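# model this:
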Amino acid sequence: MKVTFPHMGNAWIVIQTLFESLNVEVVVPPGNSKRTLNLGTRLAPESACLPLKLNLGNYIEAADEGADTIVITGGIGPCRFGYYGEMERQILWDAGYDYDVVTLEPPDGSMLGLLQRIRYLAGTKNSWVKILKALKFAYLKSVALDRVEDLIHAARPRLPDPMATEEIYEKAKQRLAQTMTVKGVQNTVCWVQESIRECQGKGDNLSGGFKPLRIGIIGEIYTILDPYTSVGIEQELGRLGVEVDRSIYLSGWVGNHVFQGLAQGYRSIKSYPRHAKPFLPHFVGGHGQETVGAAVKFAREGYNGIIQIFPLSCMPEIVAASVLPRVQETYKVPIMTLIVDEHTGQAGMQTRLEAFVDLLERPRLQRRIGHTRGEVLGVGGR
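Now for the predicted structure:
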């Protein structure tokens, strides 16, 4: 058995760690690229959403390296993600790829069914003690990875050299991918914190007086977590001097979705349905309700703006998008919706982000102008 999986952002680091801990041969598909998308688009139905097309491209690239088993999480409700496993298996079979597909989800809510599938992947040579230990370590690494990403979000608008920030980020991911000890994971997070502190003395943006704009990123999980799919929205906003936070982090989603709330992760998503209740009181599939709840939470926390991003034709996010104008009106927070597909380009995305940031900067600029005028007239100074 040679296992592969969809390439979604940095999730590969965690999944690779899990299977290597169990001595299961794993093929990490190459990072998402134009080639990946082209390969998947050739096989996928035209109306399929972008993640499915990228998934198919991932599997084709992994098959070239000998992969024969796909591991994918599942879903329930009115979202096509719940059908991905079977749809992709049939599409690949028709194209001549004889893949075995294992969907990691509790069938009918049964944790026993989930454990049986984990046992199948781990094989009889691994005891349950070793399997649980591997799961725990992989999950610990996912929490650390989310912590690193959050530190980078805060550093991007503050560090004087954008390239230095990205170098720290890339080295941190390499270190997390390579280390197989709890101490190594902890040391990596400490190294990121120290590296950021070392850069603080090289610019003025790190002083306590500098307050960057804050934008919350909400929407469909794959689009949020995968920088290729989102056309690098987090990095671009950081370049524009914006501190980003996102509604979903990998460890929080895995803890709530795969392990049914038994683990909370770095940033839990359990509170989102409560925040969403006045606007969207029921489950609509995917992350639609969480999207609305996260928007409310970001608005209450004083974020300057919110960006929803999701793949073209994603029904749960379309429902959420129809509700967000009420959130915007209630909390007086600007919300922009971005929809991506295989035709989305870097230039168009950059233009829209720049325009949105300019919109958010305008009130702050007006306040500064008013304060300056007050000082000149002797009514607004100290």
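# contacting residues around the one helix or strand residue 290 maps to?
Counting by DSSP states H and E, the secondary-structure element that holds residue 290 is helix 288-300. By C-beta atoms under 8 Å, 6 or more residues apart in numbering, the surrounding residues in contact with helix 288-300 are 216, 218-220, 245, 247-248, 269, 271-276, 278-280, 282-283, 306, 308, 316-317, 319-320, 323-324, 327, 330-331, 333, 335. (Each C-beta comes from the backbone N, C-alpha and C, glycine too.)
# list only buried entries from the residues you listed.
When these are checked for burial by 16 or more other C-beta atoms under 10 Å, the buried set is 216, 218-220, 245, 247-248, 269, 272-273, 275-276, 279-280, 306, 308, 316-317, 319-320, 323-324, 327, 331, 333, 335.
# against residue 56, how distant is the closest residue to residue 95 other than its chain neighbours?
Ranked by C-beta to C-beta, 6 or more residues apart in numbering and with sequence neighbours excluded, the top spatial neighbour of residue 95 is residue 43, at 5.5 Å. With the distance defined as C-beta to C-beta, to the nearest Å, residue 43 ends up 5 Å from residue 56.
# so which of these two has more stuff around it?
Legend: neighbour count by other C-beta atoms under 10 Å for residue 43 and residue 56, higher for residue 56 (27 against 19).
# the more buried one belongs to a helix?
Yes: the assignment for residue 56 is a helix, going by DSSP: H, G, I helix; E, B strand; the rest coil.
# doesn't residue 39 make contact with it?
Yes: with contacts counted by C-beta atoms under 8 Å, residue 56 reaches residue 39, the gap being 7.0 Å.
# domains of the chain?
When the chain is parsed into structural domains using the TED database, the resulting residue ranges are 3-126, 130-156+158-207, 212-381.
# make CSV out of those and add mean pLDDT.
Below are the domains of the chain laid out as CSV (pLDDT from 0 to 100):
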stretch, mean pLDDT
domain 3-126, 88
domain 130-156+158-207, 89
domain 212-381, 87
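# what about the residue nearest to residue 280 when sequence neighbours are not counted, how many neighbours?
Among residues not flanking residue 280 along the chain, residue 292 sits closest, at 4.5 Å (C-beta to C-beta, 6+ apart). A total of 31 residues lie near residue 292 under the criterion other C-beta under 10 Å.
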